[in-house]
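Asker: Here is a sequence together with a model predicted from it:
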Amino acid sequence: MPDDDAREDAHKNGDTRVEEEEKESPPLPDDEVAAAVVERFPGTVFHRSHGQPVVYVDRAIWGDLGGFLRDEQQFTQCVDVTAVDHLVDAARLSVPGVTQERFELVASFLSHPRNRRIRAICEVPAEDPTAPSLTDSYPGANFGEREVYDLFGITFTGHPDLVRILMPDDWVGYPLRKDDAPARVPVTFKEDPRPR
Amino acid sequence: MSDTRDGTRDDSDARSHDDDDFVPDPRLTQQTDEGAQELQPTRDLVVTGGPWPEVEGEGDTMIINMGPQHPSTHGVLRVMLELDAETIVRAKPVVGYLHTGMEKTGEELTYVQGATNVTRMDYASPLSNELVFSMAVERLLDIEVPPRATWIRMYLNELNRIASHLLWQATNGLDMGALSMIVYGWREREETLRLLEKITGLRMNNNYIRPGGVAAELPDGWQDDTLELCDVVEKGTAEYDELLTGNPIWQERLTGVGVITTEQALALSASGPILRSTGFPWDLRRSQPYLAYDEVDFDVIYTQNGDCYDRYRLRLQEILESVKIVRQCVDKMPPGDYRVQDRKVTPPPRARIDESMEALIHHFKLFTEGFKVPPGETYVAVESPRGEVGCYLVADGTGKPCRLHIRGPSFYNLQSMAPMMEDRLIADAVAVISSVDPIMGEVDR
């Protein structure tokens, strides 16, 4: 089983170093769904993260990817949509072939008939935090995308109901961004010379 | 898989191209005239939004808010309802009243402290959240949990599932007007929590499952206590069954109420009892076994109609299945360590600290700085009483996570509330909210 060998090597040598050596020719996906995604959307980078198949896709095809997985690969559910802000990372997992941006949009898909999962990640630059919405293919992504919009400020084009979900409607800022510091409310106690 | 070392690694994420011979469970397909067809998420559901349009026509609909302080909304859920007389035309759940930024807090806590944070998200089944967080950390660290720790985790998760479903039976009865159920359900739940308290030290928010294993060894006499509890729960469940299942008032109230189809549930990312109540036997414990669920014998309960009555019966039966697993855990509990003996991850035994300087240093470092996790990202999912609870964890090489995201099953399950309510009477809204079993702490995090 070639994937097992690759993973054993990865275990031996640490996480990312193996990939760096193979920069010239990225390894072919050893997962059939990922292989289909790479074939359908050229430019997609496959990565096996702790045994789980991950595809790094271009932002432009994010919505089409949902349709492809749903219609042609029997992925019946979009389990989760979330995002990561990599602004102040001490170290970041580097995947060869992926241009890293500040935000990463992460969606997990589950195929019940095939009993397998795949995770798709797309890089979202800080200066233009938008991405296509998955709600056309997966209505269940609605709440997840609203949460990402609410907490990260990434807007989803084509989402019909993009309003804040967890924070109050009039909230300023996006709490899960790393540069959005938690606010401090000064408290004044009786007979206290100054607020603390 | 040759690299499957323990139960925690054995999920189908690790499946590769060699599983072409995987045959889906025939029950996951739909029998039609043309033969078996795979179930597909429906295309009829579209997400709508924006402000609801002004009332058209003669102005015979009105919009009212149910909640967030309504007693049957299980916390602080608000449901916007558009009513035509007593019929619900549209429904929209509005959440966020309990948002306390726990994912942001999680970025400020070390991995050792992280379990105390995630356990407070789903306060009815805290151990599932601790489990999924710990499994994610262990996957990033590539550590293997000893078999005894795996079995203790499974045992406690099933106890927790019993407690959670008993809580649901109690409050569901209360919501439906079967007031005696709250007393009965609470009675057995209290016994379950008493056992959990004896094992973990706390009734709720246990912080017992931690990265690397569990916090402590099981107390003396846990087997007898557990078997006693199993008898109590089985007797209680039989009582509820007698009280409610065949009760004509109960049946009238719940049958055909809050119906959802498999196609709708799939499209709306529903999982757990909601998905199983539609005739779709999907349970991560069976389909993507983690811990040692492939070594115990239990049935995946599913029903056909997808209504509130089915979800009631299903949760009642799941209590019995969990009791079955708990009994097997008592029989098969392997000996050994209850946590990994890696001093960089788990603290040394208390007695060692008095005699070994190194143990003292390890203890100090672990509880002040925690341990460092190499950069990486992973998603781990387990079956909580409410459905798939997942943890997406991103590490950046420091002692604190870069991102800790919990995929709350209640959060996604709430979306299926709207199709269940629409075109039904407003009185049924209470039944629907209750049968979805939202835990607002997990929804809002």
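Answerer: The structure has been received and is ready for your questions.
Asker: burial of the closest residue to chain B within chain A, as a residue count?
Answerer: In chain A, the residue that lies nearest chain B is A:Asp161 (2.1 Å; CB to the nearest CB). Any C-beta I mention is one placed from the backbone N, CA and C, and that applies to glycine too. Look at A:Asp161: counted by other CB atoms under 10 Å in any protein chain shown, it has 15 neighbours.
Asker: just the helices in the stretch 101-250 of chain B please.
Answerer: Assigned by DSSP state H, counting those that start in this stretch, the helices in the stretch 101-250 of chain B fall at B:102-106, B:111-118, B:126-141, B:147-176, B:180-200, B:222-240, B:248-254.
Asker: and these, which is most packed in?
Answerer: Most buried of those by mean neighbour count (mean count of other CB atoms under 10 Å in any protein chain shown) is helix B:126-141; its value is a mean of 27.
Asker: That helix versus helix B:111-118: what angle between them?
Answerer: Orientation note: helix B:126-141 sits at an angle of 150 degrees relative to helix B:111-118 (axes from the mean of the first three to the mean of the last three CA atoms, to 10 degrees).
Asker: Next SSE downstream of the helix or strand bottoming out on mean pLDDT in chain A?
Answerer: Ranked by mean pLDDT, DSSP states H and E, the weakest helix or strand in chain A is helix A:17-21, scoring a mean of 42. Next along the chain after helix A:17-21, taking DSSP states H and E as the criterion, comes helix A:32-40.
Asker: Check residue 11 and give its pLDDT.
Answerer: Using chain A here. Note on A:His11: pLDDT of 46.
Asker: ah, no, chain B please
Answerer: Note on B:Asp11: pLDDT of 37.
Asker: Count the neighbours of A:Ala107 for me.
Answerer: A:Ala107 has 27 neighbours, counted by other CB under 10 Å.
Asker: ok, and the closest non-adjacent residue to B:Ile213?
Answerer: Quick fix: residue B:213 is Gly, not Ile. Once flanking residues are discounted, B:Gly213 sits nearest to B:Arg339: 2.6 Å by CB to CB, 6 or more residues apart in numbering or on different chains.
Asker: State the number of residues packed around that neighbour.
Answerer: 21.
Asker: for B:Val380, same thing?
Answerer: For B:Val380, using other CB under 10 Å, the count is 26.
Asker: where does it fall, helix, sheet strand or coil?
Answerer: strand (DSSP: H, G, I helix; E, B strand; the rest coil).
Asker: and what of the one 3 residues further on?
Answerer: Assigned by three-state DSSP, the conformation of B:Glu383 is strand.
Asker: ok, A:Val106 - contacts?
Answerer: Residues counted as contacts of A:Val106 (CB atoms under 8 Å, 6 or more residues apart in numbering or on different chains) are A:80-84, A:119-121, B:377, B:379, B:392.
Asker: you'd agree it is in a strand?
Answerer: Yes: secondary structure assignment places A:Val106 in a strand (three-state DSSP).
Asker: That one pairs with what?
Answerer: With DSSP bridges as the criterion, A:Val106 is bridged to A:Thr82, A:Ile121.
Asker: Model confidence for it, exactly?
Answerer: On the pLDDT scale, A:Val106 gets 93.
Asker: now A:Pro186
Answerer: So A:Pro186 comes in at 68 (pLDDT).
Asker: measure A:Phe75 to A:Tyr138 for me?
Answerer: Using CB to CB, to the nearest Å, A:Phe75 is found at 9 Å from A:Tyr138.
Asker: When those two are compared, which one has more neighbours?
Answerer: Comparing A:Phe75 with A:Tyr138 by other CB under 10 Å, the one with more neighbours is A:Tyr138, at 30 against 26.
Asker: Who is the residue nearest to that one when sequence neighbours are not counted paired with across the strands?
Answerer: In space, and not counting its chain neighbours, A:Tyr138 is closest to A:Cys78: 3.6 Å by CB to CB, 6+ apart. Under DSSP bridges, the beta-bridge partners of A:Cys78 are A:Phe109.
Asker: contacting residues for A:Cys78?
Answerer: By CB under 8 Å, 6+ apart, A:Cys78 lies in contact with A:66, A:107-110, A:134, A:137-138, A:140-141, A:144, B:269.
Asker: From these, pick the one nearest B:Tyr111.
Answerer: A:Ser108 (21.6 Å; CB to CB).
Asker: And for the closest one, the neighbour number?
Answerer: 23.
Asker: my guess is it contacts A:Gln77, does it?
Answerer: No: when contacts are counted by CB atoms under 8 Å, A:Ser108 is not listed as touching A:Gln77 (9.0 Å).
Asker: Now do the shared contacts for those two.
Answerer: With CB under 8 Å, 6+ apart as the test, A:Ser108 and A:Gln77 reach no residue in common.
Asker: And what about the closest residue to B:Thr245 other than its chain neighbours, helix, strand or coil?
Answerer: Closest residue in space to B:Thr245, ignoring its immediate chain neighbours: B:Arg313 at 6.7 Å, by CB to CB, 6+ apart. Secondary structure, three-state DSSP: B:Arg313 is helix.
Asker: wait, isn't B:Arg313 in contact with B:Thr303?
Answerer: Yes: assessed by CB under 8 Å, B:Arg313 is found in contact with B:Thr303 at 6.0 Å.
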